[in-house]
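Peer 1: Provide a 3D model corresponding to the input given below.
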Amino acid sequence: MKTLSRRGQVILGIASVILLTALSLVAVGVVRSVVSPWGTGFLSRTRCAVPDLPGPVVSVSLTNMGGPMTGQRNGMLGGAMRMTADRSTVAHGTVSFLVANAGTKSHELVIVPLSADQIPGTRPIGGDARIDEAGSLGEASNTCAEGAGQGILPGASGWVTVTLPPGRYELVCNLPGHYAAGMYTQLMVT
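Peer 2: Residues are numbered from 1 along each chain as shown. I've put the predicted structure just below:
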């Protein structure tokens, strides 16, 4: 079997990133198209009645490819998990997050500040396969409800409303192994 040259490996890596980004964007489009303005949440396996949320609403999609690509490897989940938001910037003040789980595993959203020099996805991961949530400003991990819970089940939504000062934030899924598998994105608050 012939191995790829360094250039071939780079091209394959770039193509993989583009494909996963495209799949994430499609998932966000699907989630946005099934959330009606009358308050009906994600219309997959679980229907959630979403109340009118105050402030700008950031729609977040949580996805994973399922199957062996997200299986356990040395106690950690493999890649192919994504978190995407329908916007990357929002004005400071009251902000609501409508979080739809389009994956096959339970997920959550935790909002944590990013320092000026911090790069999203580079937080240290502890022995429990999670990051330190100290300083978090809110969490959506309650199936068909607001705030913290046991995780948003596949096909369901959750939401949270917080007050955000200007700055950089990282939106993460902090269930064991999910952050390391790629479940994070950045949000700028102006």
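
Peer 1: residue nearest the centroid of the chain?
Peer 2: Note on the chain: the residue nearest the mean C-alpha position is Met83, at 2.8 Å, using CA atoms, centre = their mean.

Peer 1: Contacts only, for that residue.
Peer 2: Taking CB atoms under 8 Å, 6 or more residues apart in numbering, we find Met83 in contact with 60-63, 107, 109, 171-173, 182-185. C-betas here are computed from N, CA, C, even on glycine.

Peer 1: repeat that for 6 Å
Peer 2: The contact partners of Met83, by CB atoms under 6 Å, 6 or more residues apart in numbering, come to 62, 173, 183-185.

Peer 1: I figured Leu187 was touching Gly167, is that so?
Peer 2: No: here Leu187 lies out of contact with Gly167, judged by CB atoms under 6 Å, at a distance of 9.4 Å.

Peer 1: Which residue of the two possesses the greater neighbour count?
Peer 2: Between Leu187 and Gly167, Leu187 has the larger neighbour count (other CB atoms under 10 Å), namely 22 against 14.

Peer 1: tell me the SS of that one?
Peer 2: Here Leu187 is recorded as strand under DSSP: H, G, I helix; E, B strand; the rest coil.

Peer 1: For Glu133, see how far away it is.
Peer 2: For Leu187, the distance to Glu133 (CB to CB, to the nearest Å) stands at 16 Å.

Peer 1: And Val50, by the same measure?
Peer 2: Separation of Val50 from Glu133 (CB to CB) stands at 25 Å.

Peer 1: What of Cys144?
Peer 2: In terms of CB to CB, Cys144 sits 23 Å off from Glu133.

Peer 1: what about Val50 and Glu133, which has more around it?
Peer 2: Using other CB under 10 Å, the more surrounded residue of Val50 and Glu133 is Val50, with 23 against 13.

Peer 1: pLDDT wise, what is that one at?
Peer 2: What the model reports as pLDDT for Val50 is 92.

Peer 1: same thing with Ser16?
Peer 2: 67.

Peer 1: pLDDT weak spots in this protein?
Peer 2: Residue ranges of the chain with pLDDT under 70: 1-2, 4, 13, 15-17, 19-46, 66-79.

Peer 1: For the chain, which segments count as strands?
Peer 2: For the chain, the strands defined by DSSP state E occupy 57-64, 72-73, 76-77, 81-85, 89-90, 93-101, 109-114, 138-140, 157-164, 167-172, 184-189.

Peer 1: Thr122 and Leu114, how far apart?
Peer 2: For Thr122, the distance to Leu114 (CB to CB) stands at 10 Å.

Peer 1: Between the two, which is the more surrounded one?
Peer 2: The neighbour comparison of Thr122 against Leu114 (other CB under 10 Å) goes to Leu114, with 17 against 11.
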